[in-house]
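>>> Quick one: sequence and predicted model below, then my questions.
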Amino acid sequence: MPVIHDRSDVARILDDPAWLVPEPGPGDSAFARLRVEASRFANGRTHDERRALIDVRLAAIDPERLARAAAASARAARAAGVDRAEVARRAPVETLAAALGHTDPASLPDAAAIVAAPYATGVVDNAAAVDAAAERLLGAAAPGRHRVLDAQLLVQAHAATGGLIAAALRRADAVPAVPTGHVVAAVLRDEPPVPATRRLAPAGHGSAEHLVELRFGGPDREATAGAPPRTLAFGAGPRRCPARDHAVAAAAAVVDVLREQEC
């Protein structure tokens, strides 16, 4: 698969509606349904309608309140002897699940982690485990909610927010005097937790439509001494991540707590 590294090219492609996301084929399993009915893997009006529902869902969750809940969760976990890596893995999903009104939020981080591994590509090694985890996520949604879109938010919280916390902790250990906000911003710019996405290059110039990988952390030929490389950790264009503020607020809050615990 061709790979596009330069951020200026990646940003241009993400802003171009002619470059579609690859849509999954139909399937009867819980994991297949999750991917087929998610906004992440839809195009056109279908994507727009599902994305609008997600925007409404997230608008009801205040990022600062989510951050306070994430900090409280991290503090309680550390007091109970949970190690930093496990707190980083569990806190984002558990906190968001509670904010979404899910039943038993503490049981969902493991399910989100299992589904997150094959989520982007659909390539599954252990179908039984992935389907069971997908069923757990879908079954936990509050009554009357869109089960798949809520599950999508939790899976992406595991990959993006959990990965951001883990990377920020590694960087913070090396630069203990740097404020957490600066550390988080540097991670998002230099080592995006979700490092890549995929698009279908449109047919033209003698080539058929084909799949390409877009890297978020590559060089940026348009960067200058006064303008650092653009941050693409949350994507760009009309499909950029709708939960950026929530993810950054929750991640920074958890990292702050975990840094305090190390003092």
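Structure's in. What do you need?
>>> From the chain's centroid, how far away is stretch 145-154?
Here stretch 145-154 is found 13 Å from its chain centre; the criterion is CA atoms, centre = their mean, to the nearest Å.
>>> Looking at the lengthiest helix in the chain now, give me its mean pLDDT.
Determined from DSSP state H, the single longest helix within the chain is helix 244-262. Averaging pLDDT along helix 244-262 gives 93.
>>> And the strands in the stretch 151-263 of the chain?
Taking DSSP state E, counting those that start in this stretch as the criterion, the stretch 151-263 of the chain contains strands spanning 196-201, 210-215.
>>> To residue 100, which of the ones you listed lies closest?
strand 196-201 (23.9 Å; CB to CB). Yep, even glycine has a C-beta here, placed from its N, CA and C like the rest.
>>> which helices and strands does the closest one pack with?
strand 210-215 (3 or more CB pairs under 8 Å, 6 or more residues apart in numbering; DSSP states H and E).
>>> swap the cut-off to 10 Å and go again
Packed against strand 196-201 by the contact rule (3 or more CB pairs under 10 Å, 6 or more residues apart in numbering; DSSP states H and E) you find strand 3-4, helix 7-14, strand 210-215.
>>> mind giving me TSV with these and columns for mean neighbour count?
Formatted as TSV, the helices and strands packed on strand 196-201 follow (neighbours: other CB atoms under 10 Å):
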stretch	mean neighbour count
strand 3-4	14
helix 7-14	19
strand 210-215	16
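>>> With respect to residue 36, which of those lies nearest?
Among the helices and strands packed on strand 196-201, strand 210-215 sits nearest to residue 36 (CB to CB), with 18.0 Å.
>>> Would you list the strands that the closest one pairs with, along with their directions?
Partner strands and pairing direction for strand 210-215 (DSSP bridges) are strand 3-4 (parallel), strand 196-201 (antiparallel).
>>> so which of those strands is the most packed in?
Counting by mean count of other CB atoms under 10 Å, strand 196-201 has the highest mean neighbour count of those, with a mean of 17.
>>> pLDDT below threshold where in the stretch 151-263 of the chain?
Along the stretch 151-263 of the chain, the model assigns pLDDT under 70 to residues 205-206, 261-263.
>>> give me the number of residues near the nearest residue to residue 39 once chain neighbours are set aside?
The shortest distance from residue 39 to any residue other than its chain neighbours is 3.6 Å, reached at residue 50 (CB to CB, 6 or more residues apart in numbering). Residue 50 has 20 neighbours, counted by other CB atoms under 10 Å.
>>> residues contacting residue 50?
Neighbouring residues of residue 50 by CB atoms under 10 Å, 6 or more residues apart in numbering: 37-42, 146, 148-149, 152.
>>> swap in residue 95?
66-74, 105, 109, 157, 161, 246, 250, 253-254.
>>> Repeat the analysis, applying 6 Å as the threshold.
The contact partners of residue 95, by CB atoms under 6 Å, 6 or more residues apart in numbering, come to 69-70, 73.
>>> tell me which element it is part of?
Secondary structure assignment for residue 95, by DSSP states H and E: helix 84-99.
>>> and that helix with helix 244-262, angle?
140 degrees (axes from the mean of the first three to the mean of the last three CA atoms, to 10 degrees).
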